[in-house]
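**Q** coordinates only, sequence not included:
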């Protein structure tokens, strides 16, 4: 039997001291997304897991795994890639995205611009004037991410 992966979902509209995360996110991404007739949306597949942690930093990302057998001593492991739930993971995703766009701006100028101006963490939303530009942007984004070992979907 095949099942769908489970994913934790947070309520970004929940308020703390009268303000929610959704209240503070700028709407300019959505405005640019609706500016031209042809819209593109892309999401990086498993982005956090594709960002590797430097070997010198892995000891700081240790965790204990205790099996269901109560007589065993917990085993110690180290993460080798960024994980969902760590408070710095969103920052790391943004940093990697922007760094990749900066490194690839000469080869993939349009995609680099989209990453800088129309990407939040692993989601890009942009629009262009026509189908030809849309296909070009799609190809550039796919190649830009592939150079970083990441894969755009949607």
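**A** Good, I have the coordinates. Everything numeric in this text was worked out from a predicted model, so none of it was measured.
**Q** drop to CA atoms for contacts and neighbour counts, all remaining ones
**A** Fine.
**Q** Contacts only, for residue 115.
**A** Contacts for residue 115 (CA atoms under 8 Å, 6 or more residues apart in numbering) come out as 97-98, 101, 124.
**Q** what number of residues lie near the closest residue to residue 47 other than its chain neighbours?
**A** Distances taken as CA to CA, 6 or more residues apart in numbering place residue 122 nearest to residue 47, at 6.5 Å, with adjacent residues excluded. The local packing of residue 122 (other CA atoms under 10 Å) involves 19 other residues.
**Q** And residue 122, how far from residue 103?
**A** With the distance defined as CA to CA, to the nearest Å, residue 122 ends up 17 Å from residue 103.
**Q** Check residue 60 too.
**A** Distance from residue 60 to residue 103, by CA to CA: 28 Å.
**Q** again with residue 134
**A** 22 Å.
**Q** Settle it for me: which of these two has more neighbours?
**A** Remark: of residue 134 and residue 103, residue 134 carries more neighbours, 18 against 12, as counted by other CA under 10 Å.
**Q** Tell me how far the helix or strand where that one lies lies from the chain's centre.
**A** Element membership of residue 134 [criterion: DSSP states H and E] is helix 131-146. Relative to the chain's own centre, helix 131-146 is displaced by 17 Å; criterion: CA atoms, centre = their mean, to the nearest Å.
**Q** Numbering from 27 from now on, please.
**A** With the count now opening at 27, the last piece we talked about shows up as helix 157-172.
**Q** So which elements touch it?
**A** Other helices and strands packing on helix 157-172, by 3 or more CA pairs under 8 Å, 6 or more residues apart in numbering; DSSP states H and E, are strand 64-70, helix 115-130, helix 135-144, strand 178-179.
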